[in-house]
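> requesting a structural model of the entry that follows:
(chains A and B)
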2 protein chains.
Amino acid sequence: MFTPATAEQRFVLDHIVRLSEISEEATPDLVDAVLEGAGQFAAGEWAPLDRLGDTEGPRWSEQGVTMPTGFAAAYRAYVEGGWGTIGSPAEFGGQGLPVSLSIAVLETLGTANMGFALAPVLTVGAIESLAHHGTPEQQALYLPKLATGEWTGTMNLTEPQAGSDVGALKTGADPVGDGTWRIKGTKIYISFGDHDLTDNIVHLVLARTPDAPAGTKGLSLFLVPKYRLNPDGTPGAANDVHVVSIEHKMGLHASPTCVLSFGDHDDCIGELIGPELGGIRGMFTMMNNARLNVGLQGVQVAERATQRAVAYARERIQGVRAGAPVAIVEHPDVRRMLLRMKAQTQAARALVYYAFGQLDRGRMGDAAAAARVELLTPLAKAHGTDLGNEVASLGVQVHGGMGYIEETGAAQHFRDARITPIYEGTNGIQAADLVGRKLTHDGGAALLALLAEMRGDAEHADLLRLIEACEEVTHHLLGAETDDRLAASYPFLTMVSVAVCGWLMEAQGRIAARGEGDPLFLGMKAAAARFYVEQIVPEALGLKAAATAPAALLYSVDAAAFAV
Amino acid sequence: MFTPATAEQRFVLDHIVRLSEISEEATPDLVDAVLEGAGQFAAGEWAPLDRLGDTEGPRWSEQGVTMPTGFAAAYRAYVEGGWGTIGSPAEFGGQGLPVSLSIAVLETLGTANMGFALAPVLTVGAIESLAHHGTPEQQALYLPKLATGEWTGTMNLTEPQAGSDVGALKTGADPVGDGTWRIKGTKIYISFGDHDLTDNIVHLVLARTPDAPAGTKGLSLFLVPKYRLNPDGTPGAANDVHVVSIEHKMGLHASPTCVLSFGDHDDCIGELIGPELGGIRGMFTMMNNARLNVGLQGVQVAERATQRAVAYARERIQGVRAGAPVAIVEHPDVRRMLLRMKAQTQAARALVYYAFGQLDRGRMGDAAAAARVELLTPLAKAHGTDLGNEVASLGVQVHGGMGYIEETGAAQHFRDARITPIYEGTNGIQAADLVGRKLTHDGGAALLALLAEMRGDAEHADLLRLIEACEEVTHHLLGAETDDRLAASYPFLTMVSVAVCGWLMEAQGRIAARGEGDPLFLGMKAAAARFYVEQIVPEALGLKAAATAPAALLYSVDAAAFAV
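Numbers count the residues shown, from 1 in each chain, chains lettered A, B, ... in the order given. Prediction:
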């Protein structure tokens, strides 16, 4: 029930990311080897554990978290196969290949086992933070182990009283006097906060130093290993970090979501990453990458849900066409659902990969690309995960009654997907980021440049209309009051995301029309592109009213009226 | 966390159903007494079991199904309170009040405990079938017990090989020679197929008599009691019906979904309801009502999810406005989500109640109303449940990370809601029914009459545009080939449903503007109506492209291409 989406990944890497422009090392042969090898590995080692991760799940005890049967071995195989090293810096044992290639591997792992693949995602966040803000000593001690995945990383932001509002964090850090810090506080929603996969875990913890100012400006970022390192770099004495509990979640059971207590015995020792009070910058380095990777989870769950629904629809015989019993894939409304699933999955992939491609280009010094990935991050995170949820829900629907029975597997994807619009900044926070920082920071320059480029390429009349509507709403919002911008932010984010996806899908349709490659693949690509541009793009035109509606209506009633 | 939506129900009964025109008995005092009494009962007896139904759930053993702790007592209280009798025929112990009033009670019960409230829904289906098609003897023996809820009813349609395609059913019925029939076969997805709430269960079973033609024309409807009746009408010997298993579902755990085996020992005795080969008519009597009631489940879950999200948003402090910490209900995008939840819940309620009002009028001899409820049934079922799912998902989102934790309760509504677009005919089947039987049967007369009435009332330009677009697409589809009609059916169903909801919401907004009543309630009603007409109606305009797109694109690729 799992097939790596190799042909589709290669097509998007070739034509949307244009990987050959980014890296000379990433030759077609190497790309093929990576995609196919990752596919084989994921199908053989990780996909078979997907359902077990859901049904058995991790177990908590006083001693820590035990992963479900088989996960430790499958993780070791991942480390030994070098699958974590692809995008990591070459100077620390990584292969230094483009991030856009490494996320194709991550997509495949997550399509096979979405909850499990969160461990590498968080590790990448830790690598990014250390690579950008760590001292040479920290980098030398930690990065080689993180690059291979021998150790995993975590992000410790949220506290019970501080969810979306990180400025309200209270966890404290006191100087020990030897350059290290004593950390004390409770963090919640820590994915892979504890597990038995590796012999150390590197916690990145946002905390507040003495006399730090209130709000986000008072935060610093700390590195807190589960086991402190011996002078030779091997894990030594246990640090004072304890797993208080793991959450009972609706889905994504393979990922243990921990409540971590730091410094119960006043003996939790951490090191600063970057300067004191530089925590928010370190956090954004860690989070921005993570946000794109959560967008990628939308692709993962959409791909898996689509594969499962297609397989079921091709095998389930029900009803009659032209006098003969047929599989339900032959019925028009089932085909409509399946083509929509294909189109939305491809659109999400194009959007997220395109953003990662801009990330790679930005790192090569392309300032416009660097600005563009900043702009695209909230779109990729929010719209990518919205699409993952839509597709997973359609996947349940295609199965009919069987979709609601847990043994079928479609329900797991639906449950797994539902966290993605929430974590790493809710999609509402992404929309606020888009109309706030991303739009006003440059007076809309990056967005208007993107829309102008899209307008130059677009062919279909409805796509052109949508792009023009986005331009119009952008100008409107640039002149609007904060509340009005925020009230319109979510429909605006969706409009712009669909326009970007429509642009990328139409471009892929043009390339498919050239007919170079597998006719079955190209036929589906062309059909999905047409469906997207002709049927999904017009839906987004319907959002213009909401994207220009002022906030006044929302505040025309008192909060108490909502409870009447 | 549960408040009966009494003010809203009364408003809709007064202004949308216009109950006073339907029944002289349903005086304002009586309506108040019913709504408030049902609210108190549901809050006191059923709502407290909602979470237990989810976590503990029914248990299966060889002896049958045991409901979770407390359910049997809560069900007895329901029977003793007479809450099942409101809409049942007076000649069989019911109160003979309008169905539209009885469903307000059912809404309240289902908002309190959605899975539990499915038992009364199925019982109503059995009552309808017997009242329309049963012999006087059958009616005398069974209806009084079903009317009070002392016995419950079930619907036995689906078989493993026959889901949406009831023509493929295989369960057989052989004449015994004394007027009764020997039933043999396996039925799946039987809600409340067994339980320990009552001392008998009345199974309605679709089966095939010897030499019956293939397809739906060969079906007959049978009454198969769990315990055969003694001559005095009391339950006697056990019939040969066995619960093979109960399903492990994603949600709606309080409702045991059974696999029932009839006639394992060739001793399952049933009686015909209606004529031999008249099963499909009996099934539609049972199903049509059930379809509207499933639409009502959309209202129930939307109402409950909204209440929970509003309560959380008013109490969760996060972030700052005007320099002071605020509850998240004060943030624009959270308000947008909550107002959308309110508007969609009210829209779903208006649609479903309006359909039930037409049902009552049809029964009083109004032929146009009878035609209209036929037309509205697929809209109420499909769009009502789509809205239930949308609102339940927004409810999770408003909670942020807490929404994904099962203990919060928001996740349960999201899981519970997901079955409603599937059972009693998937929403795709509803869309096919709309563009098939409902549209072509009268050349579009009932739909065009409704749209003309709506056009006469509509004031907002976008609502008028949407109604005109619906008219245009209706004419287009009337002239279209079957496949093209089916390919467009789902977006068309959504467009028309939103237009009907827009019409009903705009009308409510006008009434609220008169200012007669609680200002807090009327203010929210006016805001929800404006939000619906100004922001949700335009979205549906975006569906016109899909509602006129031919099927050719769907069939431009081979089924195998979906797996590439």
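> near chain B, which residues of the stretch 201-350 of chain A?
The stretch 201-350 of chain A comes close to chain B at residues A:247-251, A:307, A:310-311, A:313-314, A:317-320, A:327, A:329-339, A:342, as judged by C-beta under 8 Å from any C-beta of the partner chain. In short, each C-beta sits where N, CA and C put it, glycine included.
> only whichever of these are buried, select them in PyMOL.
Those of these that count as buried under 16 or more other C-beta atoms under 10 Å in any protein chain shown are selected in PyMOL with:
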select buried, chain A and resi 247+249+250+251+307+310+313+314+318+319+327+329+330+331+332+333+334+335+336+337+338+339+342
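> among the residues of the stretch 201-350 of chain A next to chain B, which lie within helices?
Judged by DSSP state H, the subset of those located in helices is A:307, A:310-311, A:313-314, A:332-339, A:342.
> how about these in TSV, adding pLDDT?
TSV is the format used below for these (pLDDT from 0 to 100):
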residue	pLDDT
A:Gln307	98
A:Val310	98
A:Ala311	98
A:Ala313	98
A:Arg314	98
A:Pro332	98
A:Asp333	98
A:Val334	98
A:Arg335	98
A:Arg336	98
A:Met337	98
A:Leu338	98
A:Leu339	98
A:Lys342	98
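> how about the nearest residue to A:Ala529, chain neighbours excluded?
Distances taken as C-beta to C-beta, 6 or more residues apart in numbering or on different chains place A:Gly509 nearest to A:Ala529, at 3.0 Å, with adjacent residues excluded.
> what of A:Tyr75?
A:Leu197 (4.3 Å).
> ok, that neighbour - how many residues close by?
When neighbours are defined as other C-beta atoms under 10 Å in any protein chain shown, A:Leu197 has 23 of them.
> also A:Asp483?
Neighbours of A:Asp483 (other C-beta under 10 Å): 17.
> how about the helix or strand containing it: buried residues?
Using DSSP states H and E, A:Asp483 sits in helix A:482-513. Under the neighbour-count criterion of 16+ other C-beta under 10 Å, helix A:482-513 has A:483-509, A:511-512 buried.
> do the same with stretch A:64-83
Here stretch A:64-83 shows A:64-68, A:71, A:74-75, A:78-79, A:82-83 as buried, counting by 16+ other C-beta under 10 Å.
> which one of those is nearest chain B?
A:Val65 (16.8 Å; C-beta to the nearest C-beta).
> beta partners for the closest one?
Taking DSSP bridges as the rule, A:Val65 bridges to A:Trp60.
> any idea how far A:Leu204 is from it?
From A:Val65 over to A:Leu204 the distance is 18 Å, taken as C-beta to C-beta, to the nearest Å.
> same deal with A:Arg349?
A:Arg349 sits 29 Å away from A:Leu204, going by C-beta to C-beta.
> the two: which has the busier surroundings?
Between A:Arg349 and A:Leu204, A:Arg349 has the larger neighbour count (other C-beta under 10 Å), namely 29 against 24.
> and the closest residue to chain B within the stretch 151-300 of chain A, what pLDDT?
Nearest to chain B, among the residues of the stretch 151-300 of chain A, is A:Met250, at 4.1 Å (C-beta to the nearest C-beta). On pLDDT, A:Met250 comes in at 98.
> one more: A:Gly134?
pLDDT at A:Gly134 comes out at 96.
> what of A:Val398?
98.
> grab the nearest non-local neighbour of it.
A:Ala309 (4.0 Å).
> now A:Leu169
Sequence neighbours aside, A:Ala162 is the residue nearest to A:Leu169 in space, at 4.9 Å (criterion: C-beta to C-beta, 6+ apart).
> excluding sequence neighbours, find me the nearest residue to whichever residue of chain A sits closest to chain B.
Going by C-beta to the nearest C-beta, chain B is nearest to A:Gly542 of chain A, at 2.8 Å. Of all residues not flanking A:Gly542 in the chain, B:Gly542 sits nearest, at 2.8 Å (C-beta to C-beta, 6+ apart).
> and that neighbour, its phi and psi?
phi -70, psi -10 (degrees, to the nearest 10).
> let me see the mean pLDDT of stretch A:138-157.
For stretch A:138-157, mean pLDDT is 96.
> what number of residues lie near the nearest residue to A:His476 once chain neighbours are set aside?
Leaving out its chain neighbours, the residue that sits closest to A:His476 by C-beta to C-beta, 6+ apart is A:Thr548, at 5.6 Å. If you count neighbours by other C-beta under 10 Å, A:Thr548 ends up with 19.
> ok, A:Thr548 - contacts?
A:473, A:476, A:488 (C-beta atoms under 8 Å, 6 or more residues apart in numbering or on different chains).
> correct me, but the last one touches A:Ala547?
It stands for A:Ala488. Yes: using C-beta atoms under 8 Å, A:Ala488 is in contact with A:Ala547, at 4.8 Å.
> who touches both of the two?
With contacts taken as C-beta under 8 Å, 6+ apart, A:Ala488 and A:Ala547 have A:473, A:477 as neighbours in common.
> make sure A:Ile183 is indeed in a strand.
Yes: assigned with DSSP: H, G, I helix; E, B strand; the rest coil, A:Ile183 falls within a strand.
> that one: neighbouring residues, count only.
By the measure other C-beta under 10 Å, the count of residues near A:Ile183 is 26.
> test my guess that it contacts A:Ala207.
Yes: A:Ile183 is within contact range of A:Ala207, at 5.8 Å (criterion: C-beta under 8 Å).
> and stretch A:349-357, average pLDDT?
Per-residue scores along stretch A:349-357 average to 98.
> show me where pLDDT drops low in the stretch 251-400 of chain A?
Along the stretch 251-400 of chain A, the model assigns pLDDT under 70 to no residue.
> which one is A:Gly515 nearest to, not counting chain neighbours?
A:Gly515 sits nearest to A:Leu522 (C-beta to C-beta, 6+ apart), 6.2 Å away.
> what about that neighbour, distance to B:Leu223?
Distance from A:Leu522 to B:Leu223, by C-beta to C-beta: 57 Å.
> over to A:Met454?
From A:Met454 across to B:Leu223, the span is 64 Å (C-beta to C-beta).
> with A:Asp14 instead?
When A:Asp14 is compared with B:Leu223 (using C-beta to C-beta), they lie 65 Å apart.
> comparing these two, which residue is more hemmed in?
A direct count of neighbours by other C-beta under 10 Å for A:Asp14 and B:Leu223 places B:Leu223 higher, at 24 against 14.
> now do the contacts for that one.
Contacts of B:Leu223 (C-beta under 8 Å, 6+ apart): B:130, B:134, B:138, B:142, B:202-205, B:270-273.
> any idea how far the one helix or strand A:Leu223 maps to is from the middle of the chain?
Under the criterion of DSSP H and E, A:Leu223 resides in strand A:219-225. In terms of C-alpha atoms, centre = their mean, to the nearest Å, the centre of strand A:219-225 is set 23 Å apart from its chain centre.
> adjacent strands (with direction) for that strand?
By DSSP bridges, strand A:219-225 pairs with strand A:201-208 (antiparallel), strand A:269-273 (antiparallel).
> residues contacting the residue nearest to A:Gly542?
A:538-543.
> the strands in chain A, which residues?
A:59-61, A:64-66, A:152-156, A:172-175, A:181-191, A:201-208, A:219-225, A:227-229, A:235-238, A:241-246, A:257-262, A:269-273, A:317-321, A:324-327 (DSSP state E).
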